[in-house]
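S.K.: I would like the atomic coordinates for the input below:
(chains A and B)
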There are 2 protein chains.
Amino acid sequence: MVEKIYVTYNDVHKLCQEAGPKILSTFQPQLMIAIGGGGYVPARILRSFLKQEGGPNIPIQAIGLSLYESLPHITGSTEVEVPGTKVTRTQWLDLSSLGQMENLVGKNILIVDEVDDTRTTLDYAVKELEKDVEAARIRMGLPESEKTKFGIWVLHNKDKAKKGSLPTDMMEDGRYMAARTVGDVWICYPWEATDIDEHDRLAAEARKNGNPTSA
Amino acid sequence: MVEKIYVTYNDVHKLCQEAGPKILSTFQPQLMIAIGGGGYVPARILRSFLKQEGGPNIPIQAIGLSLYESLPHITGSTEVEVPGTKVTRTQWLDLSSLGQMENLVGKNILIVDEVDDTRTTLDYAVKELEKDVEAARIRMGLPESEKTKFGIWVLHNKDKAKKGSLPTDMMEDGRYMAARTVGDVWICYPWEATDIDEHDRLAAEARKNGNPTSA
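M.R.: A predicted model of the protein is given here:
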C-alpha cells in the first residue's frame, strides 16, 4: 500500500513562510507563474511572504497545464479523464496584459506548483516558456547574458525516477527549490479533502507518530 | 475602530463545501473564472466541491484585476501602491487555449473572488466579459436566448454602499451568490496572515465570544 501523507493548510502556509526569505535572498523573482490548479494556493500564499515592506506585490500570472486528456464518454455528454503523458495547455501567459514577451527578457521568473511528481509538467512549462522568451531575446539582439532566469519552487518534490528533466544550470545554480523532499508517497493536499477536520486529524496523528515526511 | 474578522483556512474550505451542492443545483457552471490573487484559493477549493463523480473537473481560467495603480516611487526602483478606483487588467482570458470566444457563447460561467467590497472589480469583470461574449454571439447570429449566463460567487459580501453595480437579471435569478454577508468590517484572510497560529487563535477567540460574522 502506498503511504499517504496529509498536509494541512497551515502546513502549506508555514512552508511558504519558511521559503519566502530564502527565495528573496537567492533569486529575487520579479514575476511568479502559478501552474493551475495545484499552484494557485501556494502561489497566493507565497506572494504574501515575498512582499517587501513598502514594495509592490510580485505579480502572478496563472497558467493551466493538464497531464490528463478528456475523452468524450461513450454514453453522452459527461466526460471521463484518462491519465496520459501529454501535457495540454488550458491557459497560457496573457501577452495583452503583460505586454509583449520582450518585457520578460532578462527577468527572474519563479514558476510555482504544488508537487514535482514525474517532472513532466515542469519540464513542459520551462521548455515552452524559455522558447518564448529566447525568441524575444534574439529578436531584440541581446546577448546570452541577458537571458531570462527561470526558477522553480514547489511544496513537495518526490524523490523518484523522473520522466521530465530540467535545465542543468537551473539545478546547479539552486534555482530549483522544493520546500520538502518526500518519498514516492501519496500526498493529500487540503484543497482536495472532502472532510477537512478528518484530514487535519490524520495529519496530527501522523505527526504524533513521528512521521518524518510531514511538514 | 473598524471591527476585524479572522477567517481561517478551514472556514474558507467549509464555505466552499457548503456552496458546492447549492451552486450545482442552481447554476451548473461549465467554466470558472478566478479573479486573482484573492480568488485563487477559494476557486481551487470550490473546484473540489463542484466535481461530480465520474465527471471532469470544471476548468478554471484565472484573470488578474487590480484596483490599485503602481506609481513609480520618487527615490528609485521600488514602487508604492496608491489606492485608486481604476481597474487594471494584469491577466485576461487566454483565447489561444480556450479557443475562440465563440466557445463561451451560451455557457454558464461562474466568476469567483474572495470578497465583494465596493463591487468595482466585479462590475468591471462582468461588463468586460459580457462585452466579449456578446460580440461573439452577434458574430454567430445567435438569438438573445443563447446569451452566456454569468454567475458570481464570493466568500464574503460586505453589506455597504457599492460603487459598482451588477446586472439586474443576475441578481433576480439568484446568480449572485455570497457564502456570507458581513458588515463593513475588515476581513483578515488566512493567506495574508504573517503568523497563522496567532490568526487562528484570534478566530477561535471571536467564535468563543459568539462573533456572529465568523463562519
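
S.K.: got phi/psi on A:D113?
M.R.: As for A:D113, its main-chain torsions (degrees, to the nearest 10) stand at phi -140, psi 170.

S.K.: just give the number of residues close to it.
M.R.: Around A:D113 there are 25 other residues, counting by other C-beta atoms under 10 Å in any protein chain shown. (Each C-beta comes from the backbone N, C-alpha and C, glycine too.)

S.K.: mind listing the residues bridging to it?
M.R.: For A:D113, the residues forming beta bridges with it (DSSP bridges) are A:V154.

S.K.: which residues are in contact with it?
M.R.: Applying C-beta atoms under 8 Å, 6 or more residues apart in numbering or on different chains to A:D113 gives the contacts A:A34, A:I35, A:G38, A:G39, A:P42, A:T121, A:L122, A:I152, A:V154.

S.K.: from these, pick the one nearest B:G20.
M.R.: Nearest to B:G20 among the contacts of A:D113 is A:G38, at 18.8 Å by C-beta to C-beta.

S.K.: wait, that closest one sits on A:I187?
M.R.: No - contact between A:G38 and A:I187 fails when scored by C-beta atoms under 8 Å: they sit 10.2 Å apart.

S.K.: what touches both of these two?
M.R.: Taking C-beta under 8 Å, 6+ apart as the contact rule, A:G38 and A:I187 both touch A:V115.

S.K.: which SSE is A:L15 in?
M.R.: helix A:9-26 (DSSP states H and E).

S.K.: sorry, back to before: from the contacts of A:D113, which land in helices?
M.R.: Those of those mapping onto helices are A:P42, A:T121, A:L122, per DSSP state H.

S.K.: check contacts around A:Q28.
M.R.: If a contact means C-beta under 8 Å, 6+ apart, then A:Q28 has A:N108 as its contacts.

S.K.: for it, give its distance to B:D116.
M.R.: A:Q28 sits at a distance of 35 Å from B:D116 (criterion: C-beta to C-beta, to the nearest Å).

S.K.: list the residues that contact A:R89.
M.R.: With contact set as C-beta under 8 Å, 6+ apart, A:R89 has these partners: A:I63, A:G64, A:L65, B:S96, B:S97.

S.K.: A:E102 too?
M.R.: A:A136, A:R139, A:M140.

S.K.: so it, which of the three states?
M.R.: helix (DSSP: H, G, I helix; E, B strand; the rest coil).

S.K.: ok so, going back, what subset of the contacts of A:E102 is buried?
M.R.: With neighbours counted by 16 or more other C-beta atoms under 10 Å in any protein chain shown, the contacts of A:E102 contain buried members at A:A136.

S.K.: ok so A:G164 is a helix residue?
M.R.: No - looking at A:G164 with three-state DSSP, it is coil, so not inside a helix.

S.K.: quick one: pLDDT of it?
M.R.: A:G164 carries a pLDDT score of 94 in this model.

S.K.: that one: neighbouring residues, count only.
M.R.: Taking other C-beta under 10 Å as the definition, A:G164 ends up with a neighbour count of 18.
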